[in-house]
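**Q** What follows is a predicted protein model with its sequence.
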Amino acid sequence: MSVSDASLSRTRVVATPSLVRGFGMSGLAFIAVVVGFGDVVAGTSAGLTGIGPPLSRPSAAFPFGTDLLGRDMASETLHGLAVTVDGASVAMLIVLLVGALAGYAAAQLPHRLGGALRALARVFCLVPPLFLAILLIGMSDRGWVAVAAGLAASPAAFARAFDRATMIARSAHADYAALTGIPASALLRRDLVYEFRAGFLTTASRALAAVTITLSTASFFGFGATPPHRDLGLIIASAREIFLDAWWTVLFPGLALAFLVLCARLTAGLEEGERP
Amino acid sequence: MWRIALWRALNLFLVMVSATALCAAVAALSAPAATGFLRAWSARLWGFTHGDFGSSLVTGGPALTAALKSLVATLALAGSGAVVALVLGGIAGLLFAGGRGLRGAAILVQCLAAVPVFCAGLAFLWLWAHGPLRDGAGLWATRLGPFPAAFIEQSALPVLTVGMAGAGAVQLALRRSASGALGQPWRKGLRLLGLTQGEIDRHYLAPELLAGLLSGFGEVALALLSATAVAESLFGWPGAAVLFLKSVALHDWNVVAVVLLAFAAMALAAETLGTIAGRGLFMAWERT
């Protein structure tokens, strides 16, 4: 098969983003419903030990099996998903405010000031967001993990929004607007109303994917959620010593985490392999 | 070409100065509260410019010495991971760019990309523990003889974990440059001149793909460095990322600052060298 066929196949793939995004959005909606009715669906409250025999394999009674303390893994996974989604939602809002919105606003500042902020964002982008988040948690407290994850993911969102807004500001319509005397504040409002709104879903879901990975990895390292409010990363971390013999203690929380990230990625329309 | 290199060098210098100032601010956290943050920060910044990175709170020795030992291990892991990423990502990128049917596998890549690195690392560990190579009784083990299990557990698995994380970025860089090159009008012109598809791909497309890959090397480096933290922690690799985690937990800010500065420098160097090499290759190709 010739390499030149790629353009045709690429066109076909790009021609169906609504289907892919629809799948992603449906998945996120499903997760939202499951998390919303978590207590009802889970059946047992979070962290309740001795529900079943310790480390029992998946069965009709315990579809996801039980962990070392006899906790129902299905219930724990659901509660963990809820904690992860809660934290990720807060972090996502921070990315939207400190990253995307601020990026659009900074592009309207006097050129050198905006450029300096963009350069600063670039410096922060040189360090992986996970490291930044852990640093911020270390400087504050584990209770601030969602804020730390949001702030760590913000420089990349800021840079993307700034570049987009700068591109718009240098376009022909911006020149016409300036010549007709439309003030910069009106152009900023226009950017926020049209551009930010148009890209809101993409930006938000991209941020959701990024912060979910950061939050869960930070928890896995012991810098995130604290018991009894265990998120998926902490549930997986607590099974590290036993998962070679009890695979279900890691598999189901891992699948739930991957499904959440996958839905966010698909909704954002990220390319295969693209980092959020 | 030299102008690009000069501009890049200036850019590199300014970004490194900013990164140094920020890391000095982190190191200033180790100073007593009575000193005052601004005074501590300026003292640390002055020290940084003179090669004095302070001392480790844990070992009492120089922070730079503590970090350098671990950084060598991290560089070895990231370097080996880069080789795996280039091989795996290169194959995947070329296949996905070139095969119509293989594009159907894109959803598989999308699913793999959604798996956090620590989950992938645990999966590798589980597969290794339950695979035919582990107990020496499987088919492969019989053919290969006694397998060095310690090498696989301590070296191959972390390298594979880091490599898989970087492979996504490599295949993406390749696919992006391929999709850009494949739409170029000169391809049709070359066909009309009588060149075969293979010749066009070999002499014109391949250098452009390589240039695209080199230009995206900063992104690849960032993916590799992120993954090293997970791989080092999971597989007990004595690298800088694990040192960073321990130092943050113990509030050993001088060591944290040195590790962060080193990571920023590595990412920036990869990005700059990749851009210059990619641009140079592209210009050389244009001249031909």
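**A** Great, that's in hand.

**Q** which residues of the stretch 51-200 of chain B score low on pLDDT?
**A** Applying pLDDT under 70 to the stretch 51-200 of chain B picks out residues B:97-105, B:132-150, B:183.

**Q** if we go to 50?
**A** B:137-139, B:142 (pLDDT under 50).

**Q** following the host helix or strand of A:Val20, which helix or strand shows up next?
**A** Using DSSP states H and E, the element containing A:Val20 is helix A:17-36. Per DSSP H and E, the first helix or strand lying C-terminal to helix A:17-36 is helix A:38-42.

**Q** Which residues does that next one contact?
**A** Applying CB atoms under 8 Å, 6 or more residues apart in numbering or on different chains, the contact partners of helix A:38-42 are A:Val34, A:Ser45, A:Ala74, A:Ser75, A:Leu78, A:His79, A:Leu81, A:Ala82. All C-beta atoms are positioned from the backbone trio N, CA, C, and that covers glycine.

**Q** Cross-check the contact I'm expecting between the first one and A:His79.
**A** No: taking CB atoms under 8 Å as the definition, A:Val34 is not a contact partner of A:His79, at 11.0 Å.

**Q** Between those two, tell me which one has more neighbours.
**A** Taking neighbours as other CB atoms under 10 Å in any protein chain shown, A:Val34 and A:His79 compare with A:His79 leading, 27 against 17.

**Q** of the contacts of helix A:38-42, buried ones?
**A** Neighbour counting with 16 or more other CB atoms under 10 Å in any protein chain shown marks A:Val34, A:Ala74, A:Ser75, A:Leu78, A:His79, A:Leu81, A:Ala82 as buried within the contacts of helix A:38-42.

**Q** Looking at those residues, which are in helices?
**A** Secondary structure defined by DSSP state H assigns A:Val34, A:Ala74, A:Ser75, A:Leu78, A:His79, A:Leu81, A:Ala82 of those to helices.

**Q** Just flag the most distant two among those residues.
**A** Within those, A:Ala74 and A:Ala82 form the most distant pair, 13.1 Å apart (CB to CB).

**Q** what's the nearest residue to B:Leu122 if we skip its chain neighbours?
**A** A:Val250 (5.8 Å; CB to CB, 6 or more residues apart in numbering or on different chains).

**Q** Show me what the helix or strand where the one you found lies is packed against.
**A** Assessed by DSSP H and E, A:Val250 sits inside helix A:248-268. Secondary-structure packing of helix A:248-268 (3 or more CB pairs under 8 Å, 6 or more residues apart in numbering or on different chains; DSSP states H and E): helix A:17-36, helix A:73-94, helix A:200-220, helix A:232-238, helix B:106-113, helix B:117-130.

**Q** Nearest to B:Ser247, out of those helices?
**A** helix A:200-220 (15.4 Å).

**Q** From chain B, how far off is the residue nearest the centre of chain A?
**A** Centroid-nearest residue in chain A, with CA atoms, centre = their mean: A:Leu208, separated by 2.1 Å. Distance from A:Leu208 to chain B, counting by CB to the nearest CB, to the nearest Å: 12 Å.

**Q** where does that residue sit relative to A:Ala149, distance-wise?
**A** From A:Leu208 across to A:Ala149, the span is 11 Å (CB to CB, to the nearest Å).

**Q** For those two, list the residues in contact with both.
**A** A:Ala88.

**Q** What's the local residue count around residue 231?
**A** In the absence of a named chain, this looks at chain A. By the criterion of other CB under 10 Å, A:Asp231 has 30 neighbours.

**Q** Sorry, I should have been clearer: chain B.
**A** 32.

**Q** likewise the one 3 residues further on?
**A** B:Leu234 is surrounded by 21 other residues when neighbours are defined as other CB under 10 Å.

**Q** for the nearest residue to it once chain neighbours are set aside, what are its contacts?
**A** Distances taken as CB to CB, 6+ apart place B:Gly121 nearest to B:Leu234, at 4.4 Å, with adjacent residues excluded. B:Gly121 sits next to B:Leu157, B:Pro158, B:Thr161, B:Val230, B:Ala231, B:Leu234, B:Phe235 when contact means CB under 8 Å, 6+ apart.
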